[in-house]
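Predicted model, plus sequence, below.
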Amino acid sequence: MSKSLPYSMKDVDYDNAKFRQRSFFKVITQSLLTSNLKRNCTSCSTGKFLVLLMIFGLAYLVLSHTSPARVVSNDLRTGSWNSDDDSLINNGGSRFGKFWRKPPRLPPRLPPDTKGSNSSFSLEPGKLNVRSEWNSRQQNVKEAFIHAWSGYKKFAMGYDELMPLSHQGVDGLGGLGATVVDALDTALIMGADEVVAEAGSWVETHLLDRISQKGQVNLFETTIRVLGGLLSAYHLSTGDKGLNLTYKGPKPVVYLETARNLADRLLSAFTSSPTPIPFSDVVLHDSSGHPAPGGLSSTAEVSSIQLEFNYLSTVSGDPKYSIEAMKVLEHMKILPKVEGLVPIYISPHSGEFSGDNIRLGSRGDSYYEYLLKVWLQRGANTDSNIAYLYDMYKEAMKGVRHLLVQKSIPNGLVFVGELPFGSQGAFSPKMDHLVCFLPGTLALGATKGITKENAMRNNMLNFEDLENLKLAEDLAKTCFEMYAVTSTGLAPEIAYFHTEEYSEEGLDGGNKSSDYVHDIIIKPADRHNLLRPETVESLFVLYRITEDPKYREWGWEIFQAFEKYTRVDSGGYSSLDDVTTVPPHRRDKMETFFLGETLKYLYLLFSDNSVIPLDKFVFNTEAHPIPIESSTER
């Protein structure tokens, strides 16, 4: 910085105001007083004469023009600075006095987390202390998590899920204590030490016995919730890769050994199948794989288990888990597709896709998510032997933009529809809440987890990346409006969109003040809310990448609606039957993903970007963070 400026670097670093304007004469004077010219002139006789003349002149001005005492204005006492320097001096002073007065130093801005009341200079009235505000909201989310856990612990400990209204537990996911394992890494991230100790103790004491004794479980659900939860807890409990944890729980190896025992049994779904496509179910106690009723597997289910099996191979040193799981994607690479899009069913008997139904909602969603994330997990190398996954992802996103994206009327919400009868059939303007994972995936695919600003600075974004990022922001807006359009402020499970070809009267969300009340159609059978995470997941990713605070604000509105309508006083949170009516009727169910995903993503949305950074971790489809592998690990 030029020495002629009267401000230190510290002032520049901490002050966000613009420099005050200085007159031309002040600039010249300041330059003369600080430059080499001053030193050169004072060394000659003429210079000395001029200096003496200046001193006598100043003395004369002081003696002949008595100025009133300077007073500090009320603005200064309250910490509010006027942009005109004259406001700090009484109007009766000499003009020459102002001319020679040293320009004032700007007060340094207080650090974001410092209260102004204890300082001479307080924060501008009405201005939020932003960091403190979001830290407070983050703590609200942590308190909600502890409230949810308290209900589960009190009434359903060891069961898969809590029924918060009838105060009992239910096993709907094979009886492996799914809520315990799903919630464990959320507690680790939040620093909820008591929950970590309770959940970790249960895993150490009970889970291996459950695994060896239980019957039929779904390969996909067990992998993403239980196996993924154990592996994430293993990683986070070691304190590795940036998380500073005060860990309370069993030794991390307990999680790893339990994960291996479970995965060894789940492998039977692969080894029992005649093709690389695994069966959908496994009987744990005898390690046998079985097809689903009707024989078909869901495309999303068989293609969304690779992150977990890959990481288990990395940390165990046994490649068999990764080999079996990656065979699925290698096989899918060669199957015919529709502009990169695939049907939602696949046969483990023939290895071929079944039917024509194409959608990014249930049974299709995480196929597209894992194409990108498995590639990112392995280092995002475009020259690697799995670069085909990124190529498949890019082709699929082009297909989404071309075949599935439309706008609603009258207000032009961008949404993703379905092709229930394939590309040659009619378009359906139906969008599951599950599709709201897509904005986050698109943003992640565009920047590979770094901020948009850094990606732009380093010329990392091509036209296609920018197009996908724009689509991500448009879809996130639509997903938020699916919440805001209802009477409760919570989204339905499924929404339809008003288009030129499709409309239904009298099926709005109930919030008549919404700008989009005529764009979004909610049918009676689709009005339930299951505490799903997909929208807040995308808000979290988009905030991390764009740094736009509106995504935090939207997330806070959603959290407040959950608190208002789904919190159960005795402990836990409930699903809702109808989000369009107030008060909504409650369902007696708290899904495991409310603790494992929804509250975790909200907590991270309000956290510092260094907590689980997106360029160091990928989240599995159940929000369990898995570290991106380094070249040495591979």
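Perfect, I can see it now. Numbering: from 1, shown residues only.

Check the gap between residue 304 and residue 366 for me.
Going from residue 304 to residue 366 by CB to CB, to the nearest Å gives 4 Å. Any C-beta I mention is one placed from the backbone N, CA and C, and that applies to glycine too.

what residues do these two have in common as contacts?
Taking CB atoms under 8 Å, 6 or more residues apart in numbering as the contact rule, residue 304 and residue 366 both touch residue 621.

any idea how far residue 130 lies from residue 470?
From residue 130 to residue 470 the distance is 27 Å (CB to CB).

again with residue 386
Distance from residue 386 to residue 470, by CB to CB: 28 Å.

Settle it for me: which of those two has more neighbours?
Ranked by neighbour count (other CB atoms under 10 Å), residue 386 and residue 470 place residue 386 first, with 19 against 13.

Residue 385: neighbour count?
Using other CB under 10 Å, residue 385 has 9 other residues around it.

tell me which element it is part of?
Counting by DSSP states H and E, there is no helix or strand that carries residue 385.

cool, residue 541 as well?
Counting by DSSP H and E, residue 541 is part of helix 534-546.

quick one: average pLDDT of stretch 507-514?
Averaged over stretch 507-514, pLDDT sits at 97.

I'd say residue 394 and residue 465 touch.
No. Residue 394 lies out of contact with residue 465 (CB atoms under 8 Å); the separation is 9.6 Å.

Of those two, which one has the most company?
Taking other CB under 10 Å, residue 394 and residue 465 do not tie; residue 465 has more neighbours (20 against 17).

Now do the contacts for the more buried one.
Counted by CB under 8 Å, 6+ apart, residue 465 has contacts 445-447, 455.

Of those, just say which sits nearest to residue 204.
Nearest to residue 204 among those is residue 445, at 38.2 Å by CB to CB.

next SSE after the host helix or strand of the closest one?
Residue 445 belongs to helix 438-447 when assigned by DSSP H and E. Sequence order places helix 452-457 as the next helix or strand after helix 438-447, per DSSP H and E.

Only the buried residues of that next one, if you could.
452, 455 (16 or more other CB atoms under 10 Å).

got it, and stretch 192-209?
If you call a residue buried by 16+ other CB under 10 Å, then stretch 192-209 has these buried ones: 192, 195-196, 198-200, 202-204, 207.

got it, and stretch 222-242?
By 16+ other CB under 10 Å, the buried positions in stretch 222-242 come out as 222-238.

remind me which residues of the stretch 151-300 of the chain are low pLDDT?
Residue ranges of the stretch 151-300 of the chain with pLDDT under 70: 239-247.

Could I get the full set of helices for it?
Per DSSP state H, counting those that start in this stretch, the stretch 151-300 of the chain carries helices over the ranges 178-190, 193-202, 208-213, 219-222, 228-237, 252-266, 268-271, 299-302.

who touches the third one?
Translated: helix 208-213. Applying CB under 8 Å, 6+ apart, the contact partners of helix 208-213 are 175-177, 257-258, 261-262, 265, 284-285.

those helices in the stretch 501-634 of the chain, which residues are they?
With DSSP H, counting those that start in this stretch as the criterion, the stretch 501-634 of the chain has helices at 534-546, 550-566, 592-593, 599-605.

Export those helices as CSV, with columns for mean neighbour count.
Converted to CSV, these look like this (neighbours: other CB atoms under 10 Å):
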stretch, mean neighbour count
helix 534-546, 26
helix 550-566, 19
helix 592-593, 25
helix 599-605, 27
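
mind checking which of the ones you listed is nearest residue 314?
Distance to residue 314, taken as CB to CB, is lowest for helix 599-605 among the helices of the stretch 501-634 of the chain, at 22.7 Å.

Counting by contacts, list what the closest one packs against.
Judged by 3 or more CB pairs under 8 Å, 6 or more residues apart in numbering; DSSP states H and E, the packing partners of helix 599-605 are helix 130-156, helix 178-190, helix 534-546, helix 550-566.

if you set the cut-off to 10 Å instead, what comes out?
helix 130-156, helix 178-190, helix 534-546, helix 550-566, strand 617-619 (3 or more CB pairs under 10 Å, 6 or more residues apart in numbering; DSSP states H and E).

Go ahead and confirm residue 540 touches residue 619.
Yes. Between residue 540 and residue 619 a contact is recorded at 9.2 Å, counting by CB atoms under 10 Å.

wait, what's in contact with residue 454?
Residues in contact with residue 454 (CB atoms under 10 Å, 6 or more residues apart in numbering) are 447, 460, 545, 615.

any idea how far it is from residue 381?
Distance from residue 454 to residue 381, by CB to CB: 19 Å.

OK, contacts around the spatially most central residue of the chain?
By CA atoms, centre = their mean, the chain has its centre lying nearest to residue 540, at 1.8 Å. By CB under 10 Å, 6+ apart, residue 540 lies in contact with 440, 533, 551-552, 555, 600-607, 612, 614, 619, 623.
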